[in-house]
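**Student:** Provide a 3D model corresponding to the input given below.
(3 chains)
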Amino acid sequence: MTGFQAPNVEWLTLSPLLVVFLAAVVGVLVEAFVPRAQRYAVQVGLSLAAMVGTLVASLVVFARLSPTADEAELGRVVAAGAVAADGPAVFTWVLLSVLGLLSVMLFAERKVESGVLTFAGQAAALPGTEAEREASTRGLSHTEVFPLMLFAIGGMMLFPASNDLLTMFVALEVLSLPLYLLCGLARRRRLLSQEAAMKYFLLGAFSSGFFVYGLALVYGYAGSMGFAQIAAAVSADTGSRALLLGGIGLMSVGLLFKVGAAPFHAWTPDVYQGAPTAVTAFMAAATKVAAFGAMLRLFYVAFGGNRDDWLPMVWAVAILTMVVGSVLAISQTDVKRMLAYSSIAHAGFLLTGFLGIRSLDEVAPGGLTGVSAVLFYLTTYGFTTMAAFAVVSIVRDAGGETTHLARWQGLGKESPLVAGVFAFLLLAMAGIPLTSGFTGKWAVFAAATAAGAWPVVVVAVLMSAVAAYFYVRVIVLMFFAEPVGDGPSVAVPSALTTVVIAVGTLVTLVLGIVPGALIELLGNVGVFIR
Amino acid sequence: MLSLIVFLPLAAALVLLALPRLGDSIARWTWVAVAALDLALVVGVWLAYESPAVGQLAFEEQAPWIPGVNSSYHLGVDGLSLPLIAMTAVIFLACAVYALREPDRPRLQAALFLFLQSVSMGLFVSADLILFFLFFDLSIVAMYFVIAGWGHNDAGRSAMKFFLYTFLGSLALLVGFIGLYIAADPHTFDMVELTNQAPLNGSFMAGGLVLAAILMGLAVKTPTVPFHTWLPPAHTDAPAIGSAVLAGVLLKMGTYGFVRIAMPMLPEAWRAWAWVIIVVGIISVVYGALVALAQTNLKRMIAYTSVNHMGYIALAVGAAGLVADDTAQARSIAVTGAVTQMVSHGLITGALFLLAGVLQDRASTYDMDAYGGLAGPAPRFAAFFAVGAFASLGLPGLSGFIAEFQIFTGSIAAAPVTAVALVGILLTAALFLRALQRIFTGPTRGRSTGFADLRPTETWSVGALLFLSLLIGILPRPLLDIIEPAAEAVVELVGR
Amino acid sequence: MELYTPILALMVLALGFAVFSVVVSSLTGPARYNRAKLDSYECGIEPTPQAHGGGRIPVKYYTVAMTFIIFDVEIMFLVPWAIYFDELALFGFLAMLLFLVNITIAYVYEFKRGGLDWD
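**Tutor:** Sure, this is the predicted structure:
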């Protein structure tokens, strides 16, 4: 046996991750030692500081990205081969830090629930019992949501940066477990929320099982967990192809579940509807970023050599996802469910961009690759959807959030500004020009067409039109329908939610008008190291 | 200069939106003033205009926008777009004047129409495909709100149908644009550059597919049979000025796309599929006229005549694709006729829809059978409508004649079979005469009793449009002098 | 194959012991049944509340069970580390320390928030 060599850990490169995890652990200690009255302030301050810290650290790492020996590739593999800090990974770090910062603000909103968090006062108290009422009168709040969220963010940041299968799996679990828990912590409609958490957990655990099974098969094929070694084995075409294909298939199940692609989408509407809206916003925006980042790396880096084997599967899944998401969204009567199906449809569009995989020599330098198209779309979608759910969280009536579409009738008369912002965000999701939705859609279509996946693009075009129908229908409801009964009311949120909505809307607008800078940036950094 | 023309209305719209306490009449007059100012600027451009070289533009403005994909903020005009800009400015001014009596949310309406004017102007001057698409799609959104917000009857449903149909069309267009972008070397969205490159010449299959996508997008907007089904309900339920803009300006976006994008950028594919376009044109002409003949709803009837008139344009540009050595001049005449028809149809149909709006305003119905002998109580209305109808059916001395005469001269010379479409003119004449007879002649009865004649705002707005049509009919030269060099350029480019 | 012989022997031994004890005890032992003894997981006491009466099991059991699993896993890591302690040297020591601190923080949280209070 050879002697043990202590691995070299690049602390600076890993600092974005370390900041988040450290803050999360400190958050747990805060829960243990800080008196109840001060916990909210300490936790919010800590989380905001952590997110700003990780944003700064990510930007520093991003600025220090330098070409490796091979000219075209930026970044380097760190932590003994476990983490790849390359362009796409560090870009998702930056993106996730910003989305995480906005999520912390949404989580910290207390004004709409008159002074308490929108999370359950005491999760262990049964719904409808004396214990629950007592927790409610005492004004209890679970401030554990903040460390939980930080853990999830940490997992999400590790997920797309992981450079071997084991790290990827650990990251998957670190990001998933807190989310399962967060889903069940709604203050209102708790049974629905707990049901959502249960469904998400069971299905999520099941899909993780698939992922591990696939991981084992791929390991059996390549004899290594590292992506570089797997890629080498794939191009050398040694070993049993049955193992490889089985492994790819099973691992895709796990990943496609996380991104909410059909036919593994069944959890999405239930979970998005039942989870507290702040958590839904966080999940919809950040989880997609992380999962697509990881999927890109796994398929482009490790399995890029045999893409002819798995591309047909992605074609089918992309088409199915777009059709299922767009068509089923039409019949939804609940805003959150509708947005959930829309997120499924968006997963389909992202998969369309995912099909833009080409060999490096086919792409002009700085040209639009599948990676940069998908990352661009993720940026646009993340901000838009977060702002949209933030708006949902402030449209309320006596029973809390009022998500039934019929109750949104006449919102344009009640509150033209909020309805106007929501209409703008919906138009962005429909892909109307001057919004980021259009530029995003355009990027993925262009990437997919360039790679010859035009039949999928044709379906995407058709489904965009179908999707436009249900977005516009909501706009009609808000502006051209008479309110029923008292009509909806818009709670005046604190500065926190206002900032989230403002930032999301602004980014949607800016990326719609001047997307050039970001597209160019992604063109330069959107290459994985191998 | 062009940027000013494009963004002046938008700036005014933002100001109107930002001042919710503004009085209604100030908002209305602001709208008229801005529209007039925009028209004055366009006239300035017209006077200073000199025809650019083939494949070039005048008054060019260019600024980097999305450099990563070679898309820039690039504006410019030539003989194809300048007449359309002028027509757009005129129609929007007419609408602003017409709407001076609008009681329903005049401030918002003014802002929306000013926005729509910016978008329309922007589309006709844009020289970059992404910019073009952006304006193309925004026009759909704005028009959707016009119909849904100020329409009548089943406006929500019609607006939705309009939106979905044209939005799907626009997405097809986007796919086509992406196809052009990818085929070009170096990749670019710049129209001038794409025109010079004609990137898909030599690849029959890809060229055909890209042309199909672009044609589908444009055909929905134009609309030609079989993509026209959104048009009648949209027009029937839209407010008068909405219909005028929809028919006058928005439909031209489709036909303008034929001469600006499809023909010069995909010449080989265009030539290969010219017969398909001619056939679609002929069908649109005859079918549109026949269905219009069967209508009892006046506004629906005018809407179907739009299908018919747009068919002439499709016919002419299709015939321009039948390249033969001895027909170059004929084809150039056909294209000139097509562009003239765009202008002429905008003016005439705009006027007719505004007049139809008067019916809705006074008696809340477009049903021709509900009227009779209307010439008695409303002589000015009757006279204006008669002039509009005659212009539309192509009576010499009015702009419709100039346009259709050139279209048929050119097309029949290039392909004699297009003479079949002459039936369309006959049918149009029949249907307009029948409509005139039903509504205006005979004893005054039904809703005609107590019908108030045109008010000054209506007289001036409709009168101006009809006067311009008359002017073009009598003195077509200034207009044709601008169009002809550009039409020759298009024909030359298609012949590559 | 020789490597596996002891394992095989152990398996046979274990199986033999299990079968032997069950068979012998049922043959020789007294058989006085009551309701408590017939219940599943019998331990001689009647379970409260009745499982089939829709009763819920206090969440306390789960926290204890989870705490047990955490320490269980901890041992799993500690044993190999202890065996190769010399070779892993300072790096291994610090890594293991970090791991233990993390586990302890979770434990402290549970303890401070009353997760281990039985009543």
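**Student:** so what pLDDT did the residue sitting furthest away from the middle of chain B get?
**Tutor:** For chain B, the largest distance from the centre (Cα atoms, centre = their mean) belongs to B:P443, which lies 36.8 Å off. pLDDT for B:P443: 86.
**Student:** where does B:S72 land in three-state SS?
**Tutor:** strand (DSSP: H, G, I helix; E, B strand; the rest coil).
**Student:** about what we covered before: assumed the residue farthest from the centre of chain B was part of a strand.
**Tutor:** No. Using three-state DSSP, the secondary structure at B:P443 is coil, not a strand.
**Student:** Please name the nearest non-neighbouring residue to it.
**Tutor:** Excluding its sequence neighbours, the residue lying closest to B:P443 (Cβ to Cβ, 6 or more residues apart in numbering or on different chains) is B:G373, at 5.0 Å. C-beta here means a position set from N, CA and C on the backbone, and glycine is covered the same way.
**Student:** burial count for the one you found?
**Tutor:** 19 (other Cβ atoms under 10 Å in any protein chain shown).
**Student:** Out of the helices and strands in chain C, which is least certain?
**Tutor:** One helix or strand of chain C scores below all others by mean pLDDT, DSSP states H and E: helix C:35-38, with a mean of 70.
**Student:** quick one: contacts for B:P223?
**Tutor:** When contacts are counted by Cβ atoms under 8 Å, 6 or more residues apart in numbering or on different chains, B:P223 is found next to B:230-231, B:251, B:254, B:307, B:310.
**Student:** Can you tell me which of these lies closest to A:V289?
**Tutor:** B:W230 (37.8 Å; Cβ to Cβ).
**Student:** okay but that closest one is in contact with B:Y165, surely?
**Tutor:** Yes. Using Cβ atoms under 8 Å, B:W230 is in contact with B:Y165, at 3.9 Å.
**Student:** and the residue of the stretch 151-300 of chain B with the smallest separation from chain A, which of the three is it?
**Tutor:** Taking Cβ to the nearest Cβ as the measure, the stretch 151-300 of chain B has B:L168 as its residue closest to chain A, at 3.8 Å. On the three-state scheme (three-state DSSP), B:L168 is labelled helix.
**Student:** re the thing from before, can you classify the residue nearest to B:P443 as helix, strand or coil?
**Tutor:** coil.
**Student:** Phi first, then psi, for it.
**Tutor:** Backbone torsions for B:G373, taken as degrees, to the nearest 10, come to phi 60, psi 30.
**Student:** likewise B:Y49?
**Tutor:** Dihedral pair for B:Y49: phi -80, psi 140, per degrees, to the nearest 10.
**Student:** for B:A375, same thing?
**Tutor:** phi -60, psi -30.
**Student:** what's near enough to touch it?
**Tutor:** By Cβ under 8 Å, 6+ apart, the contact list for B:A375 reads B:382, B:440-441.
**Student:** returning to what we had before: if I look at the residue of the stretch 151-300 of chain B closest to chain A, how far off is B:T444?
**Tutor:** B:L168 sits 46 Å away from B:T444, going by Cβ to Cβ, to the nearest Å.
**Student:** Looking at the two, which one has more neighbours?
**Tutor:** B:L168 (21 against 17).
**Student:** does the closest residue to that one other than its chain neighbours count as helix, strand or coil?
**Tutor:** Counting by Cβ to Cβ, 6+ apart, A:A465 is the residue found nearest to B:L168 once chain neighbours are left out, at 3.8 Å. The three-state label given to A:A465 by three-state DSSP is helix.
**Student:** residues contacting A:A465?
**Tutor:** For A:A465, counting by Cβ under 8 Å, 6+ apart, the contacting residues are B:164, B:167-168, B:171.
**Student:** any low-confidence regions in the stretch 351-496 of chain B?
**Tutor:** Low-confidence segments of the stretch 351-496 of chain B (pLDDT under 70): none present.
**Student:** residue ranges of the helices in it, please?
**Tutor:** Under the criterion DSSP state H, counting those that start in this stretch, the stretch 351-496 of chain B contains helices at B:379-393, B:399-414, B:422-440, B:456-474, B:477-494.
**Student:** so where's the chain uncertain?
**Tutor:** You didn't say which chain, so I picked chain A. For chain A, the stretches flagged by pLDDT under 70 are A:1-2, A:67-73, A:359-367, A:487.
**Student:** any idea which helix is longest in it?
**Tutor:** Identified as the longest helix of chain A according to DSSP state H is helix A:190-222.
**Student:** Does that helix pack against any helices or strands, and if so which?
**Tutor:** Packed against helix A:190-222 by the contact rule (3 or more Cβ pairs under 8 Å, 6 or more residues apart in numbering or on different chains; DSSP states H and E) you find helix A:165-183, helix A:227-236, helix A:241-259, helix A:267-274.
**Student:** sorry, back to before: quick check: which of the helices of the stretch 351-496 of chain B is buried the most?
**Tutor:** When you average the neighbours per residue for each of these (mean count of other Cβ atoms under 10 Å in any protein chain shown), helix B:399-414 leads with a mean of 24.
**Student:** That's all I had, so thanks and see you.
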